[in-house]
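>>> quick check, what structure comes out for this input:
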Amino acid sequence: MDPMVARKTWQTLEPVHGMIYFAPEGREAYSAAGLRGNRMGYFASRAAAMGPVPADVVIATFFNFEPSLVRASIPEAWTLATPERVLAARLDAVDRALRRAWGDDVIASPDLSEAVALARIAALAATEHPAGRPLFAGHAALPWPDEPHLALWHAQALLREFRGDGHIAMLVSEGLSGIEALVLHEATGEISSPILQTSRAWPDDEWTAAIERLTTRGFLELGEELRLSDAGRSHRRYVEDRTDALAVVAYAPLGDDGAQRLREISRPLSRAVIDAGLLIPDPSAW
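This next block holds a predicted model:
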């Protein structure tokens, strides 16, 4: 399988999973479970699959957050709500958010059932390769929900964490820190610095130091705007391509036709999530 197929298939379905980090249903559910604030809800809900882990484990597996930001939420979150309660709250939020985006007709549709069947094949294939993927392994140990919309979300959550752990492995192997990876992402022009820097709580001096280190490595061009050099573009392309290659084992059982079919039936599902406003960031969470 061409590794690009893995990237495209993950990207097409990712709004279905990623919305849980932005949807108001998530914030409401975590607050009702006893957690305080959006950031605590985010860190605890994503880490809960690994159990009541200490802050250092979250810092390591989430990779690009300023450590004190994590320590402001973890481990205090586990004194307010057990991981089991947090996971239940997250699934409840997923249920309510997707029902709002899709409605009962879509949830009961043959296309959704087919999407679940295909995504589950890929997710189960990923579970055969947990080595070196701790955040994914925690999620892979969770039970599968019965309802189709929840099962599709769970499948994509597994595929996202599988890919994410592989991506972090590539960044580490290339000698990049979390903040440096964010700076390189900004330099692509795909997303602005205030969002990447502020949402991860990196102070200006550390952000500037990371820019200087990457400039010394030849990955950035000097100028008024932060931009990748030719070497930086080549390096980023290499990391992304290798990330795709590491994710292929999950999608290979689908074959090209199965992956294409999953993308085809997932596009309207993802579009409905976007149209429902479930992916709109909340600046107050930064």
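
>>> please make it C-alpha for all contacts and neighbour counts, starting now.
Will do.

>>> over whichever helix or strand residue 150 is part of, what's the mean pLDDT, rounded is fine.
Using DSSP states H and E, residue 150 sits in helix 148-173. Predicted confidence along helix 148-173 averages 98 (mean pLDDT).

>>> repeat that for stretch 196-209.
Over the span of stretch 196-209, the pLDDT mean works out to 94.

>>> buried ones in it?
Neighbour-count burial for stretch 196-209, counted by 16 or more other Cα atoms under 10 Å, picks out 196-202, 207.

>>> quick one: terminal-to-terminal distance for it?
Using Cα to Cα, to the nearest Å, the end-to-end distance of stretch 196-209 comes out at 16 Å.

>>> where's that stretch relative to the chain centroid, distance-wise?
Distance, stretch centre to chain centre, for stretch 196-209: 20 Å (Cα atoms, centre = their mean, to the nearest Å).

>>> who touches that stretch?
With Cα atoms under 8 Å, 6 or more residues apart in numbering as the test, stretch 196-209 has contacts from 64-66, 69, 179, 182-183, 186, 285-286.

>>> next one: stretch 22-32
20, 36-38, 41, 45, 86, 89-90, 92-94, 96-97, 277-282.

>>> where in this structure is the helix or strand with the lowest mean pLDDT?
Considering only helices and strands, the least confidently modelled element of the chain by mean pLDDT, DSSP states H and E is helix 193-199, at a mean of 84.

>>> low pLDDT regions in the stretch 1-150 of the chain?
Within the stretch 1-150 of the chain, no range satisfies pLDDT under 70.

>>> let me see the contact set for residue 153.
Taking Cα under 8 Å, 6+ apart, we find residue 153 in contact with 16-17, 94.

>>> how about the secondary structure of residue 190?
The local conformation at residue 190, judged by DSSP: H, G, I helix; E, B strand; the rest coil, is coil.

>>> burial check on it, number of neighbours?
Counted with other Cα atoms under 10 Å, the burial measure for residue 190 works out to 8 neighbours.

>>> that one and residue 102: what is the separation?
Spatial separation of residue 190 from residue 102 under the definition Cα to Cα is 29 Å.

>>> same deal with residue 79?
Here the distance between residue 79 and residue 102 works out to 35 Å (Cα to Cα).

>>> tell me the angle whichever strand or helix holds residue 5 makes with helix 148-173.
Element membership of residue 5, judged by DSSP H and E, is helix 3-18. In this structure, helix 3-18 runs at an angle of 120 degrees to helix 148-173, with axes from the mean of the first three to the mean of the last three Cα atoms, to 10 degrees as the basis.

>>> ok, and what's touching helix 3-18?
Residues from elsewhere that reach helix 3-18, judged by Cα under 8 Å, 6+ apart: 153-154, 156-157, 159-160, 241, 244-245, 247-248, 251, 256, 259-260, 262-263, 266-267, 269-270, 273-274, 279.

>>> check which element follows it along the chain.
For helix 3-18, the following helix or strand on the C-terminal side (DSSP H and E) is helix 24-32.

>>> who's more crowded, residue 79 and residue 102?
Just comparing residue 79 and residue 102: by other Cα under 10 Å the higher neighbour count belongs to residue 102, 19 against 12.

>>> tell me where the stretch 101-250 of the chain has strands.
220-221, 227-228 (DSSP state E, counting those that start in this stretch).

>>> distance between the ends of stretch 58-71?
One end of stretch 58-71 to the other measures 9 Å (Cα to Cα).
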